[in-house]
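Asks: Fold the following and give me the result.
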Amino acid sequence: MAHLLALLGSDPTLLHCQVHRLRDQVHLGRWDALGMGYYADDAVLVAKRPGDVGTHDVADLARDLHSPALLAMAQGAGFRFDEDATDPFRFRQWLFAMDGMVEGFVDVREKLLGELPDLIRRQILSPTDREHVFALFLRFLKERGRLDDPNAPAPDVARCLADAIRTVDRLGRDQGHTRPSPLALVATNGRILVAARRGRPLFYVLQEGTGSCEPCAIEGADDPRARAHRRAKTVALATEPEAQAGFIEVPESSTVAVGRALDITIASI
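Replies: This next block holds a predicted model:
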């Protein structure tokens, strides 16, 4: 089992506040490995650790982070911690995480590698299907000229996730695997957030601003700090929210693209 949480917000300084607001809806649960990816100035940072170290509260983990985006992935009980094999994966400005599995991956892996340019094939550090799907996504970004484009439109990038899923399907069929792979994919470059869902759950929510904040001890509009909190907005994605109040299910076999203005576009794979 894996639990995935991703956020893109309008105010990097309020990331912890926005994650804290999700505490009743999103719990990463019991896990044996956790990976978190985020941004600090121009740096892309990833922290990974086994489940027997530190807190399991994602809001506490984000307490000191100032980042426009967060991508957290918890691998359920039974996962053997391996830093290279733990989501999220990173390449240049991109972070990626995947919930689900590629059907017959052992059979399709070599064919998949053969479809990758050398630049991207060399960045694969683990034998996991998740990192190989990430590599497919990077390939399509490169082909569309979006790999290093900081202003890449979110819908264009989301189509690259859809292309990766279609390629996995094609390679599986070529090897006699007719069952579609159950996948939920999420990626961000710190400016946009994109996801695709087919056969695995995925939900999204738009958090509007609020005039109160428990972590900042803001209780009303009279507090001068409330102005920033009222302006702040965030879009969050989660694979398995505990309480779905406010969350909207991404339609089956669809992509979701969140732009820099936190505009949300849904499209079919």
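
Asks: any idea of the mean pLDDT for stretch 33-46?
Replies: Stretch 33-46 carries an average pLDDT of 92.

Asks: Can you name the residues in contact with the lowest-mean-pLDDT helix or strand in the chain?
Replies: Ranked by mean pLDDT, DSSP states H and E, the helix or strand of the chain with the weakest confidence is helix 58-61, at a mean of 79. With contacts defined as C-beta atoms under 8 Å, 6 or more residues apart in numbering, helix 58-61 is touched by 5, 16, 19-20, 22-23, 26, 28, 34, 36, 54-55, 72, 215. (Each C-beta comes from the backbone N, C-alpha and C, glycine too.)

Asks: residue at max distance from the center of the protein?
Replies: In the chain, D222 marks the outermost C-alpha relative to the chain mean, sitting 36.0 Å out by C-alpha atoms, centre = their mean.

Asks: any idea how far that one is from A85?
Replies: For D222, the distance to A85 (C-beta to C-beta, to the nearest Å) stands at 50 Å.

Asks: Next: A226.
Replies: Counting by C-beta to C-beta, the gap from A226 to A85 is 43 Å.

Asks: Then Y39?
Replies: In terms of C-beta to C-beta, Y39 sits 23 Å off from A85.

Asks: Same check on D174?
Replies: 26 Å.

Asks: which regions of this structure lie under the pLDDT threshold?
Replies: The model of the chain has pLDDT under 70 over residues 1-2, 29, 54-56, 77-78, 221, 243-245.

Asks: hey, where'd the strands end up in it?
Replies: Assigned by DSSP state E, the strands in the chain fall at 2-9, 33-40, 43-50, 69-75, 89-91, 94-100, 183-188, 193-198, 203-207, 234-238, 248-249, 254-258, 264-268.

Asks: partner residues bridging the spatially most central residue of the chain?
Replies: With distances taken as C-alpha atoms, centre = their mean, V186 lies nearest the centre of the chain, 3.6 Å away. Counting by DSSP bridges, V186 forms beta bridges with A97, A195.

Asks: swap in L8?
Replies: Bridge pairing for L8 - DSSP bridges - gives A69, V235.

Asks: what residues are up against it?
Replies: P68, A69, T188, I192, L193, T234, V235, V258, L262.

Asks: nearest to T128, of these?
Replies: Ranked by distance to T128 (C-beta to C-beta), these are led by T188 at 19.4 Å.

Asks: Isn't that closest one up against A6?
Replies: Yes: using C-beta atoms under 8 Å, T188 makes contact with A6 at a distance of 6.6 Å.

Asks: re earlier: for the contacts of helix 58-61, which two are the farthest from each other?
Replies: The most widely separated members of the contacts of helix 58-61, counting by C-beta to C-beta, are L34 and P215 (20.5 Å).

Asks: more neighbours, these two?
Replies: L34 (25 against 13; other C-beta atoms under 10 Å).

Asks: Leaving out chain neighbours, which residue sits closest to that one?
Replies: Leaving aside its sequence neighbours, L34 sits nearest to A74 (C-beta to C-beta, 6 or more residues apart in numbering; 5.0 Å).

Asks: Please identify which of D174 and A85 sits among more neighbours.
Replies: Per other C-beta under 10 Å, whichever of D174 and A85 has more neighbours is A85, with 19 against 11.
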